[in-house]
Every structure is written in structure tokens, then in C-alpha cells.
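Sequence and computational prediction follow.
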Amino acid sequence: MRRRFLETSMAVACPFCGEVDEVPIDEGGGATQTYIEDCPTCCKPRSVHFDAREDEPHMYLDRES
Ligand SMILES: [Zn+2]
């Protein structure tokens, strides 16, 4: 049985301050998503990349320059 991802958020570390944060996933936003979100700890803008095209969806954060 193939598991759909049930998580509505994933824990990822901030690329600026290293603080691990739960980033919400917009499940209606498609298989790949990229958006800018400010870190709640250090307030710096970071780009959130989300990819659910594979069996295990993954997310990572980049510094937005
Ligand atoms: Zn931060």
C-alpha cells in the first residue's frame, strides 16, 4: 500500500541561525513548491523548497539573498 504523506508540516533547520522549525506544507500547492518565508527566530528571509514527487517528500531551506 502506498502511503500518502500525512504530515502538514516538516521540521527543517534555518540556514541562517540553525534553529529547527516546523514549516507548514500547503498540500493543495502542488508536488513542488518554492516560497519565501521569514524565520520566526532570526527574521531573515529564506526560500522554502518542497518536493513531493518522490515517495518520501522532502523539504529544504535556502538563503534568500
Ligand atoms: Zn533563523
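Nice, thanks for sending it over.

Give me the neighbour count for residue 13.
The tally of other residues near residue 13 (other Cβ atoms under 10 Å) stands at 12. Heads up, the C-betas are built off the backbone N, CA and C, glycines and all.

tell me the phi and psi of the residue lying closest to it once chain neighbours are set aside?
Of all residues beyond its chain neighbours, the one nearest residue 13 is residue 20 (5.0 Å), with distances taken as Cβ to Cβ, 6 or more residues apart in numbering. Backbone torsions of residue 20, given as degrees, to the nearest 10, read phi -80, psi 130.

Could you list which residues are in contact with residue 20?
11-14 (Cβ atoms under 8 Å, 6 or more residues apart in numbering).

Give me the pLDDT for it.
Per-residue pLDDT puts residue 20 at 96.

Also residue 4?
59.

can you check residue 55 too?
At residue 55, pLDDT is 85.

That one: helix or strand, and which one exactly?
Assigned by DSSP states H and E, residue 55 belongs to neither a helix nor a strand.

Where does pLDDT dip in this protein?
Across the chain, the ranges flagged by pLDDT under 70 are 1-7.

Return the residues of it in contact with the ion.
14, 16-17, 39, 41-42 (Cβ under 5 Å from the ion).

Filter those residues down to just the buried residues.
Buried residues within those, counting neighbours by 16 or more other Cβ atoms under 10 Å: 14, 16, 39.

What is the neighbour count of residue 50?
Residues near residue 50, counting by other Cβ under 10 Å, number 20.

Provide a list of residues in contact with the residue lying closest to residue 53 once chain neighbours are set aside.
Spatial nearest neighbour of residue 53, excluding adjacent residues (Cβ to Cβ, 6+ apart): residue 31 at 4.9 Å. Applying Cβ under 8 Å, 6+ apart, we find residue 31 in contact with 51-53.

Residue 65: which of the residues you listed is nearest?
When the contacts of residue 31 are ranked by distance to residue 65 (Cβ to Cβ), residue 51 comes first, at 21.4 Å.
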